[in-house]
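*Asks:* sequence unknown, structure follows:
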Ligand SMILES: C[S@@+](CC[C@H](N)C(=O)[O-])C[C@H]1O[C@@H](n2cnc3c(N)ncnc32)[C@H](O)[C@@H]1O
């Protein structure tokens with residue numbers, strides 16, 4: 001199945017040039033992954049599934065002007081959001097060297113002027129507060145909020161890609177949060193909204 005068909009099935013609307021960039025990214029990751037073992041997504045079809053997982057929140061979030069992704073790994077979801085949202089300033093915080101090399105190469109190869117790779121732990125990133133902070137498969141919600149305190153404020157929203165533990169994690173957060181949990185198959189997207 002083509003990437004355009006996956007996107008259509010999920011009602012994710014992107015222009016042709018963006019879809020082509022996502023396809024180029026998939027080929028690049030597939031190629032690098034055979035040598036550097038960057039992700040468990042070993043086939044183009046699996047990479048497409050990860051792209052859809054990364055992009056699905058575009059159907060329900062308010063698009064931010066700036067976004068930081070904690071622990072982007074081989075590109076999910078931060079780099080993928082960077083391709084789909086060229087008007088958004090995107091920062092990828094990822095400390096693992098081989099993944100940083102791949103992310104930097106992909107940004108140059110795909111001409112992603114809006115994406116910056118910070119090859120460090122998120123605790124070491126210096127920046128004014130982001131409008132949105134995302135993360136998939138890095139750590140629990142409470143810890144993510146703690147790790148990103150210095151780069152967030154009352155206007156920051158959070159988008160965490162979670163599994164079934166999301167309900168316990170939300171309960172473990174002390175302060176009152178205004179949030180939605182959007183469920184799609186095994187995925188629970190935790191969308192914590194900023195003060196309006
Ligand atoms: C399981 S991988 C998930 C990668 C990607 N988000 C995904 O879903 O495919 C977790 C990643 O988080 C990174 N990581 C762990 N602690 C981190 C921290 N404090 N700041 C930034 N990245 C971190 C790791 O280096 C690793 O690449």
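*Replies:* Structure received. Model, not experiment: these values are computed from the prediction.
*Asks:* count of residues packed around residue 163?
*Replies:* Counted with other C-beta atoms under 10 Å, residues neighbouring residue 163 total 10. For every residue, glycine as well, the C-beta is placed using N, CA and C.
*Asks:* what about it, distance to the ligand?
*Replies:* 11 Å (C-beta to the nearest ligand atom, to the nearest Å).
*Asks:* With residue 52 instead?
*Replies:* From residue 52 over to the ligand the distance is 13 Å, taken as C-beta to the nearest ligand atom.
*Asks:* can you pull the contacts of that residue?
*Replies:* Residues in contact with residue 52 (C-beta atoms under 8 Å, 6 or more residues apart in numbering) are 6, 7, 10, 12.
*Asks:* Which among the residues you listed count as buried?
*Replies:* 6, 7, 12 (16 or more other C-beta atoms under 10 Å).
*Asks:* following the worst-scoring helix or strand of the chain on mean pLDDT, which helix or strand shows up next?
*Replies:* Ranked by mean pLDDT, DSSP states H and E, the weakest helix or strand in the chain is helix 166-172, scoring a mean of 92. Note on helix 166-172: by DSSP states H and E, the next helix or strand toward the C-terminus is strand 179-184.
*Asks:* outside of whatever helix or strand comes next after that following strand, which residues touch it?
*Replies:* Sequence order places strand 187-192 as the next helix or strand after strand 179-184, per DSSP H and E. Strand 187-192 is contacted from outside by 53, 56-57, 60-61, 141, 157-164, 166, 169-170, 177-183, using C-beta under 8 Å, 6+ apart.
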